[in-house]
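starting from these lines, generate the structure:
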Amino acid sequence: MGPSALFSSQSPPLCFSSSISKFTTNYLPPPQCKPPTVAAVSASMAAASPPPTCLGFKNLMETFAVDVQRAEGRPLNVALKSAFTIASSRIEGVENVAIRIELSNGCVGWGESPVLPHVTAEDQTTALAKAADACLFLKNSSGKTLGLLLNQINALLPGHSFASVRAGIEMALIDAVANSIGIPLWRLAGGVSNEITTDITIPIVSPNEAAELASKYRAQGFETLKLKVGKNLNVDIQVLQAIRNVHPHCSFILDANEGYSSDEAIQVLQKLHEMEVTPILFEQPVHRDDWKGLGHVSKVAKNKYGVSVAADESCRSLEDAKKIVNENLAHVINIKLAKMGVLGSLEIIDLARSSGLDLMIGGMVETRLAMGFAGHLAAGLGCFKFIDLDTPILLAEDPVLEGYEVSGPVYKFTNARGHGGFLHWDNIA
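Below you'll find the model as predicted:
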């Protein structure tokens, strides 16, 4: 499961600083982690010199014994700068669940369970209740290896019905363990890179509003725009024309969020062809259960227009991914941790890579907790052709301290351990 190469690094001590925000009032930094407990390699990891050897994720799952002292989920509510409308829903703020897990060695891990109406199966109330169940289980499960504990969490929170909660728990556990051994997540995931470049999303808005956003994002350095479409074909074309006028050389991703019929999806591609515009990707053009339509659009899009089609809502499990591969239904699979969980995502990534499909990584509407974890994964694995990890940029404020550095579309992961982001817990209630 995932990379298993060994890495060596000298990890500097954690250094936290506060930011000016309602979330950080009177913040005191957490204590340093005590030496980690690793079942099979504790002696070598405890040595102060030479620098500690950090195991890859697969070996770590088999060797690290986890002892959870505290675990809790709390509401994570943040307003958006403006309403975010897609073909299937409209939201005005984030109502997610933050997960905090503290190990007996003092190391803390952070996760986030995103809630997006009509996309995730859980609402916030359900997510909080299931997170509480999982946290209680963790506190009563000391001494188990990370792998065993993650597998038991998968059994406790099975399938798509609880995928978002499962992802938040998995993130926090893995983050706590990475903090324990003093290694950043991007290196644990494979170490290919410590930075990524994301696109940015323009929701369903009027042509004038879309042009204003595109102009702003062009000034900020974004070269790839992801455009939400699927509610009104004619208006979608007008919006594309307006964006093209102000950002003529940008690359387009179209995301219909299941909004078109297969005929409408092909009409859009034909109209764009007449405008001499070729999207670099057409994401989820039809309903998730319209497998025949997805396959038809994928075939026409690639053969006639040279456009790849991505399965997003249609791929929520390993079984979905196998169907897509075996029946040639799409060219790209969009990985979202909240759809599949962390372990489930790694399984689908392995399948897609071995089958020759391209990969995209995205998210729901999330803070930098979940996006930071996904970004570390993307950077470390280095296998994603399309990166769509932009939603923290759309929030009215940022509740996350530290974490990755943002420079326009570029995220840099310079933290010493884990994913580096955390919350002022007393202000998250």
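
element containing the closest residue in space to residue 101 that isn't next to it in sequence?
Here the nearest residue to residue 101 in space, its sequence neighbours aside, is residue 172; by CB to CB, 6 or more residues apart in numbering that works out to 4.2 Å. C-beta here means a position set from N, CA and C on the backbone, and glycine is covered the same way. Residue 172 belongs to helix 163-181 when assigned by DSSP states H and E.

buried residues, the helix or strand residue 93 falls within. List them.
Secondary structure here is read from DSSP H and E; on that basis residue 93 sits in strand 90-103. Residues of strand 90-103 classed as buried by neighbour count (16 or more other CB atoms under 10 Å): 91, 94-103.

likewise for stretch 255-275?
Buried residues in stretch 255-275, counted by 16+ other CB under 10 Å: 255-260, 262, 264-266, 268-269, 271-272.

so what's the closest residue to residue 120 other than its chain neighbours up against?
Ranked by CB to CB, 6+ apart and with sequence neighbours excluded, the top spatial neighbour of residue 120 is residue 164, at 4.6 Å. Residues near residue 164 by CB atoms under 8 Å, 6 or more residues apart in numbering: 113-115, 120-122, 127, 338-339, 364.

10 Å instead, please
Neighbouring residues of residue 164 by CB atoms under 10 Å, 6 or more residues apart in numbering: 96-97, 112-116, 119-122, 126-127, 130-131, 157, 336-341, 364, 370.

am I right that residue 320 is in a helix?
Yes - assigned with DSSP: H, G, I helix; E, B strand; the rest coil, residue 320 falls within a helix.

can you show me the strands along the stretch 101-250 of the chain?
Using DSSP state E, counting those that start in this stretch, the strands of the stretch 101-250 of the chain run over residues 108-113, 144-145, 195-197, 200-202, 224-228.

next one: residue 192, what pLDDT does it get?
If you check residue 192, the pLDDT there is 95.

surely it touches residue 376?
No - with contact defined as CB atoms under 10 Å, residue 192 does not count as touching residue 376 (11.2 Å).

quick one: the helices in this protein, in order.
42-46, 57-63, 124-139, 146-156, 163-181, 185-188, 207-219, 233-246, 262-274, 291-305, 318-326, 337-355, 368-381 (DSSP state H).

as JSON lines, those helices with distance to residue 79 and mean pLDDT would be great.
As requested, the helices of the chain are arranged in JSON lines below (distance: least, CB to CB, whole Å; pLDDT from 0 to 100):
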{"stretch": "helix 42-46", "distance to residue 79": "43", "mean pLDDT": "33"}
{"stretch": "helix 57-63", "distance to residue 79": "35", "mean pLDDT": "86"}
{"stretch": "helix 124-139", "distance to residue 79": "15", "mean pLDDT": "97"}
{"stretch": "helix 146-156", "distance to residue 79": "31", "mean pLDDT": "96"}
{"stretch": "helix 163-181", "distance to residue 79": "20", "mean pLDDT": "97"}
{"stretch": "helix 185-188", "distance to residue 79": "28", "mean pLDDT": "95"}
{"stretch": "helix 207-219", "distance to residue 79": "18", "mean pLDDT": "97"}
{"stretch": "helix 233-246", "distance to residue 79": "25", "mean pLDDT": "94"}
{"stretch": "helix 262-274", "distance to residue 79": "32", "mean pLDDT": "96"}
{"stretch": "helix 291-305", "distance to residue 79": "35", "mean pLDDT": "98"}
{"stretch": "helix 318-326", "distance to residue 79": "33", "mean pLDDT": "98"}
{"stretch": "helix 337-355", "distance to residue 79": "20", "mean pLDDT": "96"}
{"stretch": "helix 368-381", "distance to residue 79": "15", "mean pLDDT": "97"}
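
I'd assumed residue 286 was in contact with residue 264.
Yes - if you go by CB under 10 Å, residue 264 and residue 286 touch, sitting 8.7 Å apart.

list the residues that contact both of these two?
Applying CB under 10 Å, 6+ apart, one finds that residue 264 and residue 286 are jointly contacted by 230, 256, 297.

reformat these as JSON lines; add distance to residue 240.
Converted to JSON lines, the shared contacts of residue 264 and residue 286 look like this (distance: CB to CB, whole Å):
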{"residue": "230", "distance to residue 240": "13"}
{"residue": "256", "distance to residue 240": "13"}
{"residue": "297", "distance to residue 240": "18"}
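
give me every residue that touches residue 167.
For residue 167, the residues meeting the contact criterion (CB under 10 Å, 6+ apart) are 99, 111-114, 120, 157, 336-345, 364, 370, 373-374.

what sits up against stretch 120-128?
Under the criterion CB under 10 Å, 6+ apart, external residues in contact with stretch 120-128 comprise 73-77, 94-97, 99, 113-117, 129-131, 157, 159-168, 316, 336, 338-339, 364.

buried ones in it?
Under the neighbour-count rule (16+ other CB under 10 Å), stretch 120-128 has 120-122, 124, 126-128 buried.

got those as JSON lines, with distance to residue 234 columns?
As requested, those are exported to JSON lines (distance: CB to CB, whole Å):
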{"residue": "120", "distance to residue 234": "31"}
{"residue": "121", "distance to residue 234": "33"}
{"residue": "122", "distance to residue 234": "35"}
{"residue": "124", "distance to residue 234": "36"}
{"residue": "126", "distance to residue 234": "38"}
{"residue": "127", "distance to residue 234": "38"}
{"residue": "128", "distance to residue 234": "42"}
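
going by distance to residue 239, which of those residues wins?
Minimum separation from residue 239 among the buried residues of stretch 120-128 (CB to CB) is found for residue 120, which lies at 26.5 Å.

just the pLDDT at the closest one, thanks.
86.

packing partners of the longest strand seen in the chain?
Determined from DSSP state E, the single longest strand within the chain is strand 68-85. Here strand 68-85 is seen to pack against strand 90-103, strand 108-113, helix 124-139, helix 163-181 when contacts are counted using 3 or more CB pairs under 10 Å, 6 or more residues apart in numbering; DSSP states H and E.

so how far is residue 191 from residue 57?
For residue 57, the distance to residue 191 equals 11 Å [CB to CB, to the nearest Å].

more neighbours, these two?
Looking at residue 57 and residue 191 with other CB atoms under 10 Å, you find the greater number of neighbours at residue 57, namely 24 against 20.
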